[in-house]
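Engineer: build me a model:
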Amino acid sequence: MKLLIINGPNINFLGIREKAVYGNEDYDFLLKMIENKAKELDIRIEVFQSNHEGAIIDRIQDAYFDETEGIIINPGAYTHYSYAIRDALASVSMPKIEIHISDIMQREEFRHHSVTAEVCNEQIKGLGLEGYIVAIEHMMKMLADSGQTGAQSS
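Structural biologist: Residues are numbered from 1 along each chain as shown. This next block holds a predicted model:
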């Protein structure tokens with residue numbers, strides 16, 4: 001079982017950027033949380049972060065070929081306008097969950113619309129870093145319900 005978590009622009013600045021919105025914990029703390037959850041569930045979780053739209057698109061496309069069974073993505077600001085990331089997500093058939101640390105609906109008006117959520121199975125927002133754990137659990141349930149868990153090709 002392999003999941004891919006993609007973090008977009010500025011997520012690597014957790015603990016530095018807008019602490020009132022994103023909290024005091026840094027990116028390494030988030031990575032450790034994810035690593036611990038992967039060990040608990042005995043699954044592989046790759047985490048990819050980029051501030052570059054093209055790199056995110058390339059990683060989504062690579063997921064089609066590398067045994068990834070589900071994608072969890074925090075597109076950051078690209079959420080609101082990147083039709084290129086939206087199209088990349090739409091082009092891969094595995095389940096996808098969009099995640100946001102803050103509740104984008106309670107923030108500035110421009111953050112209220114997500115072009116990427118339209119091609120994801122679910123959106124999780126406003127749960128802080130714990131939202132990543134919730135997203136992993138929801139993804140495991142989606143895969144189990146579809147009979148895909150553990151289906152790795154050799």
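
Engineer: sec struct for the residue most central in space within the chain, please.
Structural biologist: Closest residue to the average C-alpha location of the chain: Ile73 at 2.1 Å, with C-alpha atoms, centre = their mean. Under the three-state scheme (DSSP: H, G, I helix; E, B strand; the rest coil), Ile73 adopts strand.

Engineer: same question for Lys39.
Structural biologist: Under three-state DSSP, Lys39 falls in the helix class.

Engineer: isn't Val92 up against Phe65?
Structural biologist: No: applying C-beta atoms under 8 Å as the test, Val92 and Phe65 come out as separate, 9.8 Å apart. C-betas here are computed from N, CA, C, even on glycine.

Engineer: who has more neighbours out of those two?
Structural biologist: Between Val92 and Phe65, counting by other C-beta atoms under 10 Å, Val92 is the more crowded of the two (17 against 8).

Engineer: OK, contacts around Ala84?
Structural biologist: The contact partners of Ala84, by C-beta atoms under 8 Å, 6 or more residues apart in numbering, come to Glu53, Ile57.

Engineer: on the three-state scheme, it is what?
Structural biologist: helix.

Engineer: what mean pLDDT does stretch 55-62 have?
Structural biologist: What stretch 55-62 shows for mean pLDDT is 98.
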